[in-house]
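Novice: test case, fold it:
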Amino acid sequence: MRVIYKLSIIALLLANVACKKSSPAGPTPTDPETETPDTSSNGIPNNAGDGVTFINNGTSAIFNLYAPGKVSVSVIGDFNNWTTTTMKRSTDGTRWWAQVDNLDANTEYAYQYLINGNLRVADPYTEKILDPDNDKYIPASVYPNLKAYPAGKTTSIVSVMQANQPSYTWKVSSFTRPAKKDLVVYELLVRDFVKDHSYKTIIDTLDYISRLGVNAIELMPVAEFEGNESWGYNDSFFFAPDKYYGTKNDLKALVDACHQRGIAVIMDIVLNHAFGSSPMVRMYFDQNTGKPSSLSPWFNVDAKHPFNVGYDFNHESPATRYFSKNVMRHWLKEYKIDGYRFDLSKGFTQSNNPNDVNAWSAYDASRIAIWKDYNNFIKTVDPNVYVILEHFAAAQEEKELAAEGMMLWNNLAHGFQEANMGWINTSDLSQLMFAAHTFTIADGLVSYAESHDEERVMFKNITYGNQDGYNARLLNNGLKRGAMTAAFLMASPGPKMIWQFGELGYDVSIDQNGRTGNKPILWNYQDVPERKALYNAYAKYIKMKLKNPVFGANTATYTLTGAVKNMALSGSGVDVQVVGNYDVTAKTATLAFTKTGTWYDYVTGSTLNVTSTSMSLTLQPGEYHIYSSAQLQ
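Specialist: I've put the predicted structure just below:
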C-alpha cells in the first residue's frame, strides 16, 4: 500500500452488490467468535445473512444491514421503482432488515439503502457494483453485457443482486498447495501485465509463467477499488471483484486454470483502510471535519500510524473483526484462492503513533494478538492457507508471528539494487538469511529483490550503475548481474517472490507516468536474446531450488557483505557453495569447501577440481558459480 493516484475519493462514491446467501449471518458484531447467532431473538429471521439472503427459490430477498444508531433505513431499487421499502430495526438497535417478494430469480436488480431519509449507500456485502462515473470506461470485451446504471432514478454507486447468477463449474475441485518452503511467487498487476487488463488474457499467459517455473501468482488487489486506473489499494468494496478486470466467473476461471498447472493463487488483500466511496465510511462520516465520525463502528477518527491512506480501520473493534473475518472467509470459499498477502499489516494496531515510524514499528503485543486472532480464524476456514504479512516491524514481533505459521515479506530490494549496480559498501544481503532474523526455520520469510513497491533493479542498473571498472550500466552487463541475483535469491532457503517482468530485466522506472500510473507492457522483451537469457536463468534456478532438497535446508552459513558474496548449504547428501563477485573489478576469494575432489558447477555445466578444502578463486566482475559436491537436478 502506498500513495494512490486517480482516486474518486472527493466524490465519496458508494456502491454495493448483494451476494447470494444460503447460511446464517455468522457472528454478531458484538461477538466476533460466535459462528451462528440466533438472530430471531433480535426480530430478524434466523436465516438472514449479512447483505442479501435469497429465499423462496430466489423470488424473495431478505436485506440485512448493520447500522447502529440510525433513525430510519429503507431499501430502494429496481424492484420497487426506487421508492422506499421501510426496513425494521432489530430489538437491540444495531441492524435493519426487510423482506422483498415477487422477484425474478434470473434478473439482476440494482439497489441501495436510504439512511435517515437522505443518505444513499450501497450494501457493504455486495459482490457487484454499478459506478456511474467509471463503468463507462470498461470495454464490453472485458465485461460483456454489463447492466446499465439506473440513471435518473438515484445517485452514487449502487449494489446489484441476483439470485440465479451464472454458475461456474470448477475443473479442479481439490488442489494441493506447494509447501511454504518451496513457494516461488510471481507478483503481478493485471492492468500492467496484459494490454486488455483482463483475467481472461492472464489465463493465456500462464504457459509463460509455467515455463518460468513459479508455483504461485500473487494478484495485486482485485476487490473493487475507486476508479479504474489503480494499483487497487484504494479499496471500497471488499466482497466484489473489480469489473475493470472482468467478471467474477472470469476470476474463478483464472484460479482454476492456475490450479490445473499446479500454480497457487495468492490474493493481495487490503483491510488496513477503506476509501471514501465505501458505504461503511459514508454511513458514519463527519462532513465538517472530513473524517469518520466517532460513532463509526469500524473506523478511527484519526489514523493511528504514519503510513495511513484513506480511513483507518480499528481492528480492536468487534464490528471490524467481524467484518474482516467475513471478508477473509469469502474469497477462500467463493474463489478457492490459496492465501492472502495482507497489505500494511503493521497498521493493524490501536497504539497511537501517527507521526513516529520507529515507535509504530516497535514491538506491539496488542498487534500480535490481533494477528493471532485473524490467523487462527483463517485456519478454521482452511488450515493450509498461506498468510503473508507486509509487516516490517520489530524482529521479535515478526519472529512471534512466524512461529504462528504466518510468513513475513522480506524486502532485499535495496541490497540487491546496490549490489547489482556495483556499489559494494551498501550492498549487504545478510537479511536474505532467516538466521539473521533469529528465525529458527526459513519458511517464515518471503524474500524478494523486487516488488511492486520498489524502483526496478534494472532501471537503477542502467541509470546509476558503477562505471569505475567494467561498466555496470551497460544493459548486457546488468542483465548478467541480474542472473547472479536470481542465483543468490533462489539458492537461499525459504519462500521467494519475483515481480512481473523482472525475469526479463524490466527497466522502466516505477515513477514513469506517476508511481501508480500505467506502465508500458513490453512482452517484446522476449525477443531480445540477452533478456531471454535472464528469463532462462530464472527458470534454471527456480528449477534448481524446487528439485534439490538442499535448498530447502535450514542449515546455511554465509558471507553476504562485501564484493564477493558466498553461501554454503548442506543437506540430503550434497554440499553447495554459491559464490559471486558483485564488484566492477576482479576479486579473489577463499572458499571453504567441505571436501576435496570433483565439484559440479550448476551455472556453467563444468567441473572444478578442489585440491584443498580452503581454496582461492579469482572471479571477474559479475562472475558467479553454484558448486555442488554431487550433481544437482
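
Novice: hmm, Ala553 and Gly571 touching each other?
Specialist: Yes - contact criterion CB atoms under 8 Å: Gly571 and Ala553 qualify, at 3.4 Å. C-beta coordinates here come from the backbone N, C-alpha and C atoms, glycine included.

Novice: domain parsing for the protein?
Specialist: 9-161, 182-275+315-461+496-528 (automatic domain parsing).

Novice: which positions in the helix or strand where Asn461 lies come out as buried?
Specialist: Using DSSP states H and E, the element containing Asn461 is helix 457-464. In terms of neighbour count (16 or more other CB atoms under 10 Å), helix 457-464 has its buried residues at 457-462, 464.

Novice: now render those residues as TSV, adding pLDDT and distance to Ile138.
Specialist: Shown next, in TSV, are the buried residues of helix 457-464 (pLDDT from 0 to 100; distance: CB to CB, whole Å):
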residue	pLDDT	distance to Ile138
Val457	97	33
Met458	98	33
Phe459	98	31
Lys460	98	35
Asn461	97	37
Ile462	97	36
Tyr464	98	39
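
Novice: of all the residues you listed, which comes closest to Arg341?
Specialist: Val457 (20.5 Å; CB to CB).

Novice: so who does that closest one touch?
Specialist: The contact partners of Val457, by CB atoms under 8 Å, 6 or more residues apart in numbering, come to 413, 416-417, 420, 449-450, 482, 485, 502.

Novice: in helices, which of those appear?
Specialist: Under the assignment DSSP state H, the contacts of Val457 contribute 413, 416-417, 420, 482, 485 to helices.

Novice: farthest pair in the residues you listed?
Specialist: Greatest spatial distance in the ones in helices among the contacts of Val457: Ala413 and Gly482, 13.2 Å, computed using CB to CB.

Novice: more neighbours, the two?
Specialist: Neighbour count, other CB atoms under 10 Å: between Ala413 and Gly482, Gly482 has more, with 28 against 18.

Novice: now the helices: where do they sit in this protein?
Specialist: Going by DSSP H, the chain shows helices at 190-193, 199-204, 206-212, 248-260, 279-283, 318-335, 357-361, 365-381, 395-403, 413-421, 457-464, 475-491, 529-547.

Novice: which of the residues in the third one are buried?
Specialist: By neighbour count with 16+ other CB under 10 Å, helix 206-212 contains the buried residues 206, 209, 212.

Novice: what is the burial count for the nearest residue to the last one once chain neighbours are set aside?
Specialist: Spelled out, it's Leu212. Excluding the flanking residues, the one nearest Leu212 by CB to CB, 6 or more residues apart in numbering is Ala539, at 5.2 Å. Residues within reach of Ala539, counting by other CB under 10 Å, total 16.

Novice: the one 5 residues further on now?
Specialist: Residues contacting Met544 under the criterion other CB under 10 Å number 22.

Novice: distance check, it against Val550.
Specialist: Met544 is 10 Å from Val550, where distance means CB to CB, to the nearest Å.

Novice: which residues do the two both contact?
Specialist: Leu632.

Novice: next one: the nearest residue to Asn355 once chain neighbours are set aside from Asn234, what distance?
Specialist: Nearest residue to Asn355, sequence neighbours excluded (CB to CB, 6+ apart): Pro306, at 5.5 Å. From Pro306 across to Asn234, the span is 18 Å (CB to CB).

Novice: these two: who's more crowded?
Specialist: Shown here are Pro306 and Asn234; by other CB under 10 Å, Asn234 has more neighbours (27 against 15).

Novice: that one contacts Ser278, correct?
Specialist: No - counting by CB under 8 Å, Asn234 sits too far from Ser278 to count as a contact (10.0 Å).

Novice: and the residue nearest the centre of this protein?
Specialist: When CA atoms, centre = their mean is applied to the chain, the residue found nearest the centroid is Asp268 (1.8 Å).

Novice: for that one, what are its contacts?
Specialist: With CB under 8 Å, 6+ apart, Asp268 has these contacts: 218-222, 232, 340-341, 343.

Novice: and it, what's its pLDDT?
Specialist: As predicted, Asp268 sits at a pLDDT of 98.

Novice: how close does it sit to Val190?
Specialist: 11 Å.

Novice: now do the shared contacts for those two.
Specialist: Common contacts of Asp268 and Val190 (CB under 8 Å, 6+ apart): 219-220, 222.

Novice: quick one: which of those is nearest Tyr244?
Specialist: Val222 (9.3 Å).

Novice: do you know how far Asp286 is from Ser293?
Specialist: In terms of CB to CB, Asp286 sits 5 Å off from Ser293.

Novice: repeat that for Gly276.
Specialist: 14 Å.

Novice: also Tyr245?
Specialist: Counting by CB to CB, the gap from Tyr245 to Ser293 is 33 Å.

Novice: quick one, which of those two is more surrounded?
Specialist: Tyr245 (26 against 16).

Novice: ok, the more buried one - contacts?
Specialist: 142, 190-191, 197-199, 222, 251.

Novice: which of those residues lies closest to Asp575?
Specialist: The nearest one, if we look at these relative to Asp575 and count by CB to CB, is Val190, at 42.5 Å.

Novice: from what I can see that closest one touches His197, true?
Specialist: Yes - between Val190 and His197 there is a contact under CB under 8 Å: 5.5 Å.

Novice: and the residue nearest to the centre of the chain, how far from Glu218?
Specialist: 6 Å.

Novice: kindly check the end-to-end length of stretch 462-480 for me.
Specialist: 12 Å (CA to CA, to the nearest Å).

Novice: got a pLDDT number for the residue lying closest to Val446 once chain neighbours are set aside?
Specialist: Leaving aside its sequence neighbours, Val446 sits nearest to Pro495 (CB to CB, 6+ apart; 4.6 Å). Pro495 is assigned 98 on the pLDDT scale.

Novice: next, count neighbours for Lys248.
Specialist: Using other CB under 10 Å: Lys248 sits among 20 other residues.

Novice: per-residue confidence at it?
Specialist: Listed pLDDT for Lys248 reads 98.

Novice: might one say that it is in contact with Val160?
Specialist: No - Lys248 is not in contact with Val160 according to CB under 8 Å; the separation is 11.2 Å.

Novice: name the residues contacting each of these two.
Specialist: Residues touching both Lys248 and Val160 (CB under 8 Å, 6+ apart) are 127-128.

Novice: on that earlier part again, nearest to Glu316 among the contacts of Tyr245?
Specialist: Nearest to Glu316 among the contacts of Tyr245, with distances taken as CB to CB, is Val222, at 27.6 Å.

Novice: if we can go back for a sec, mind putting the contacts of Val457 in a markdown table, pLDDT included?
Specialist: Shown next, in a markdown table, are the contacts of Val457 (pLDDT from 0 to 100):
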| residue | pLDDT |
| --- | --- |
| Ala413 | 98 |
| Phe416 | 98 |
| Gln417 | 98 |
| Asn420 | 98 |
| Ala449 | 98 |
| Glu450 | 98 |
| Gly482 | 98 |
| Thr485 | 98 |
| Gly502 | 98 |
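
Novice: sounds good, over and out.
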